[in-house]
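Participant: need the 3D shape of this:
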Amino acid sequence: MQRIILYLIFMTGALSAKAQVQGQVIKVLTYNIHHAENMNGKLDIQGIATVILATNPDLVALQEVDSATLRIGKSDILRELADATGMYIYFGKAMDFDGGGYGNGVLSRYPIQSAYTLALPSKGKEGEPRSAAIVTVQLPGDSLLRFASAHLDHTEDPADRLSQVQLILQQLHRSPVPLVIAGDFNALPPSKEIVQLKAHFTDATEKLGPTWPSDKPTQKLDYILLSGKGRWHVSTAAVVEETIASDHRPVIAELMLK
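Facilitator: Now for the predicted structure:
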């Protein structure tokens, strides 16, 4: 956790730049948590909670979340994270799995006004059902923000990912309220999938390096995207150098909603 402490010092150094822009400060974390199985092959929900508590986000997009599956001893990962952090939660199930559910999760410091799960198309033989968990939260001052946690197809063939991107664009990019969509998109920055998304969203993580695998990352797969051009200022963004809690590194951005 020493590297997380160094990260916090880095984020504190951004205060002077943040003061130059007026608006609502929102800190967003995205994290593929590998059903809370750490790099030592052990179930460690507390390890994920420690990362969240150390980075202190307002909104968290989680991918590969198990709910009451046998492989995690019927635990409820999101409920345990809520107990540890005091945050509101929403689980967007992508599929039934191992006696429970598997999908994406959202944690929020803000009250969740509404929520739904968007099923993403999956036709490839080697793929699996994927989804986006989408919530509308109430910010201080009663303004609203939409926040989505998405996990796109992982196979080498990009066909399903491209279909999933098209549905996301149809459903979300013209949101009447500001929107943040974050997650594991399983695609590199030059890919068609990411290029299409960035034609409509601002990439808060554009300058960041690789996020997977967590011990020695070589590929950037995790992103935080913003909809509502002219509404956002990216104060800081970083890949958190956490190497044990999951096979992905978490990504965090401090944003200003103007």
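Participant: correct me, but Gly183 touches Leu152?
Facilitator: Yes - if you go by Cβ atoms under 8 Å, Gly183 and Leu152 touch, sitting 7.4 Å apart. No exception for glycine: its C-beta is placed from N, CA and C like everyone else's.
Participant: after the lowest-mean-pLDDT helix or strand in the chain, which helix or strand is next?
Facilitator: The weakest-scoring helix or strand in the chain, judged by mean pLDDT, DSSP states H and E, is helix 15-18 (a mean of 44). Where DSSP states H and E defines the elements, the next helix or strand beyond helix 15-18 is strand 24-32.
Participant: parallel or antiparallel, which strands does that following strand pair with?
Facilitator: Partner strands and pairing direction for strand 24-32 (DSSP bridges) are strand 59-67 (parallel), strand 251-257 (antiparallel).
Participant: quick one: average confidence on that strand?
Facilitator: For strand 24-32, mean pLDDT rounds to 97.
Participant: does the very next helix or strand once past that strand pack against any helices or strands, and if so which?
Facilitator: The first helix or strand that comes after strand 24-32 along the chain, using DSSP H and E, is helix 45-55. Judged by 3 or more Cβ pairs under 8 Å, 6 or more residues apart in numbering; DSSP states H and E, helix 45-55 is in contact with helix 2-12, strand 24-32, helix 77-85.
Participant: tell me if I'm right that Gly105 and Ile89 touch.
Facilitator: Yes - if you go by Cβ under 8 Å, Gly105 and Ile89 touch, sitting 6.5 Å apart.
Participant: got any residues that touch both of these two?
Facilitator: Jointly contacting Gly105 and Ile89 under the rule Cβ atoms under 8 Å, 6 or more residues apart in numbering are Leu78, Leu81.
Participant: quick one: the strands in the stretch 51-200 of the chain?
Facilitator: Using DSSP state E, counting those that start in this stretch, the strands assigned to the stretch 51-200 of the chain run over residues 59-67, 88-97, 100-108, 112-120, 130-138, 144-151, 179-184.
Participant: just those: most buried one?
Facilitator: strand 59-67 (a mean of 28; mean count of other Cβ atoms under 10 Å).
Participant: distance of Ser227 from Ile168?
Facilitator: In this view, Ser227 and Ile168 are 10 Å apart by Cβ to Cβ, to the nearest Å.
Participant: could you do Leu78 as well?
Facilitator: From Leu78 to Ile168 the distance is 22 Å (Cβ to Cβ).
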